[in-house]
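Chemist: could you work out the structure for the sequence below:
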Amino acid sequence: MTQYAFRRLLLMIPTLLIVSMIVFSLIRLIPGDIAEIMVENRRYANDVEELRAKLGLDQPLPVQYVEWLGGLLTGDWGKSLWTGRTIGEELRHRIPLTLQLGVMTMVVSLVIAIPIGVLSAIRQDSAVDYLTRSLAILGLSLPAFWLATIMLVFGSIWFGWAPRQWVPFRDDPAGSLLALAVPAAILGVDRAASLMRMTRAMMLETLRQDYIRTAWSKGLKERVVVTRHALRNAFIPVVTLLGLQVPAILGGSVVIESIFNLPGTGKFMLDAIQARDYPMVQVMNMVFAGFVLLTTLAVDLAYGYLDPRIRYG
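Modeler: Numbering: from 1, shown residues only. Sure thing, here's the model as predicted:
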């Protein structure tokens with residue numbers, strides 16, 4: 001398993017290189033010149049060409065890419081074109097919020113999806129099954145940004161509710177959790193719908209296997225059959241889907257953080273894209289890509305724990 005993990009880590013290098021090329025190119029295809037925008041907003045008194053030279057944007061794109069990639073490899077991630085603050089400093093202040101929101105979202109999703117999916121499978125075609133399947137379809141039909149908007153609008157009108165200001169977890173654990181409870185619940189419900197349907201489908205398939213019938217014939221209790229024999233084997237495809245939820249949660253955090261005005265990396269990335277802050281957008285995309293690749297590796301390694309028959313050659 002160690003050799004397999006090492007090989008996978010090596011394969012991440014060309015993947016991240018391709019991602020860096022795509023990100024570097026796409027951000028520059030967005031209409032609008034950052035130098036012209038900064039001059040128009042009187043961010044600098046210089047003329048456009050002088051400002052482009054100062055920012056290093058007058059060089060050919062391959063030269064800009066090589067210089068940026070070299071800085072990325074040496075730990076010099078650059079500075080924001082607008083604020084002048086280093087990108088590392090910005091991320092240190094914003095990544096904790098996004099990570100906390102992602103973890104809380106995942107917890108909410110699992111707490112909702114796994115028990116309900118299992119219950120729906122073992123009570124197939126019952127009233128509970130029909131109800132949970134309807135709720136899952138409803139969850140798939142309602143986008144997270146719509147739920148967040150409705151929560152803000154009607155929560156403030158009917159109950160006078162307003163989102164709490166986020167504080168770092170180490171400073172105030174209870175206040176930090178309460179500030180992200182509603183955003184995490186909205187994202188978690190949105191992500192739980194597909195996870196619930198996958199759990200139900202895989203549990204139904206597993207419960208039809210011969211070894212499950214053998215377990216029933218031995219007179220084992222339903223709880224033992226479900227938890228000890230069926231759930232672990234049915235969980236492998238669920239873990240795969242769980243790994244695919246990570247990019248969706250990161251993408252959802254961009255919208256949710258913007259709606260709830262949370263100072264995380266999602267909202268900051270959206271602001272950076274709108275401001276054409278090239279260095280900031282490039283580095284944040286690389287950070288997100290690296291996190292997704294590491295999550296995918298963790299999911300692959302989890303297969304060996306869930307199913308001892310899996311071997312990493």
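
Chemist: alpha carbons only for contacts and neighbour counts from here, please
Modeler: Will do.

Chemist: which residues of the stretch 151-300 of the chain fall in helices?
Modeler: 173-207, 210-217, 222-224, 231-259, 265-274, 278-306 (DSSP state H, counting those that start in this stretch).

Chemist: so of the ones you listed, which one's packed in deepest?
Modeler: Among the helices of the stretch 151-300 of the chain, helix 173-207 has the highest mean neighbour count (mean count of other C-alpha atoms under 10 Å), at a mean of 21.

Chemist: which neighbouring elements make contact with that one?
Modeler: helix 87-122, helix 127-141, helix 144-159, helix 231-259 (3 or more C-alpha pairs under 8 Å, 6 or more residues apart in numbering; DSSP states H and E).

Chemist: returning to what we had before: include distance to residue 163 and mean pLDDT when you put the helices of the stretch 151-300 of the chain into CSV, please.
Modeler: Converted to CSV, these look like this (distance: least, C-alpha to C-alpha, whole Å; pLDDT from 0 to 100):
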stretch, distance to residue 163, mean pLDDT
helix 173-207, 7, 87
helix 210-217, 48, 83
helix 222-224, 41, 81
helix 231-259, 10, 80
helix 265-274, 16, 81
helix 278-306, 26, 81
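
Chemist: what does the pLDDT read for residue 313?
Modeler: With respect to pLDDT, residue 313 scores 56.

Chemist: re the thing from before, so which of the helices of the stretch 151-300 of the chain is nearest residue 93?
Modeler: helix 265-274 (8.9 Å; C-alpha to C-alpha).

Chemist: residue 13 is nearest to which of the helices of the stretch 151-300 of the chain?
Modeler: Proximity to residue 13 (C-alpha to C-alpha) singles out helix 278-306 among the helices of the stretch 151-300 of the chain, at 9.7 Å.

Chemist: got the angle for that closest one vs helix 265-274?
Modeler: Counting by axes from the mean of the first three to the mean of the last three C-alpha atoms, to 10 degrees, helix 278-306 lies at 140 degrees to helix 265-274.

Chemist: chain center to helix 278-306, what's the gap?
Modeler: 10 Å (C-alpha atoms, centre = their mean, to the nearest Å).

Chemist: again, but for stretch 124-144
Modeler: 24 Å.

Chemist: what do you get for stretch 19-29?
Modeler: Taking mean C-alpha positions (C-alpha atoms, centre = their mean), stretch 19-29 and its chain are 20 Å apart.

Chemist: quick check: buried residues in that stretch?
Modeler: 19, 20, 23, 24, 27 (16 or more other C-alpha atoms under 10 Å).

Chemist: tabulate those residues (JSON lines), appending pLDDT.
Modeler: Output for the buried residues of stretch 19-29, formatted as JSON lines (pLDDT from 0 to 100):
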{"residue": "19", "pLDDT": "88"}
{"residue": "20", "pLDDT": "87"}
{"residue": "23", "pLDDT": "86"}
{"residue": "24", "pLDDT": "86"}
{"residue": "27", "pLDDT": "79"}
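
Chemist: any idea which of those is closest to residue 114?
Modeler: residue 19 (33.5 Å).

Chemist: distance of that closest one from residue 113?
Modeler: According to C-alpha to C-alpha, to the nearest Å, residue 19 stands 32 Å off from residue 113.

Chemist: and residue 54, by the same measure?
Modeler: For residue 54, the distance to residue 113 - C-alpha to C-alpha - is 53 Å.

Chemist: do residue 170 as well
Modeler: For residue 170, the distance to residue 113 - C-alpha to C-alpha - is 29 Å.

Chemist: neighbour count winner among these two?
Modeler: Set residue 170 next to residue 113 and count neighbours by other C-alpha atoms under 10 Å: residue 113 wins out with 26 against 8.

Chemist: ok, now which ones touch that one?
Modeler: Neighbour list for residue 113: 192, 193, 195, 196, 199 [criterion: C-alpha atoms under 8 Å, 6 or more residues apart in numbering].

Chemist: possible to save those residues as TSV with distance to residue 145?
Modeler: Listed next are the contacts of residue 113 as TSV, based on distance: C-alpha to C-alpha, whole Å:
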residue	distance to residue 145
192	15
193	15
195	19
196	20
199	25
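
Chemist: how much space separates the closest residue to residue 101 other than its chain neighbours from residue 205?
Modeler: Spatially, and ignoring its direct neighbours in sequence, residue 101 is nearest to residue 184 (5.9 Å; C-alpha to C-alpha, 6 or more residues apart in numbering). Using C-alpha to C-alpha, residue 184 is found at 31 Å from residue 205.

Chemist: kindly report the same for residue 179.
Modeler: Relative to residue 205, and taking C-alpha to C-alpha, residue 179 is found at 40 Å.

Chemist: tell me the confidence at residue 111?
Modeler: pLDDT, read off for residue 111, is 90.

Chemist: fine, thanks again, bye for now.
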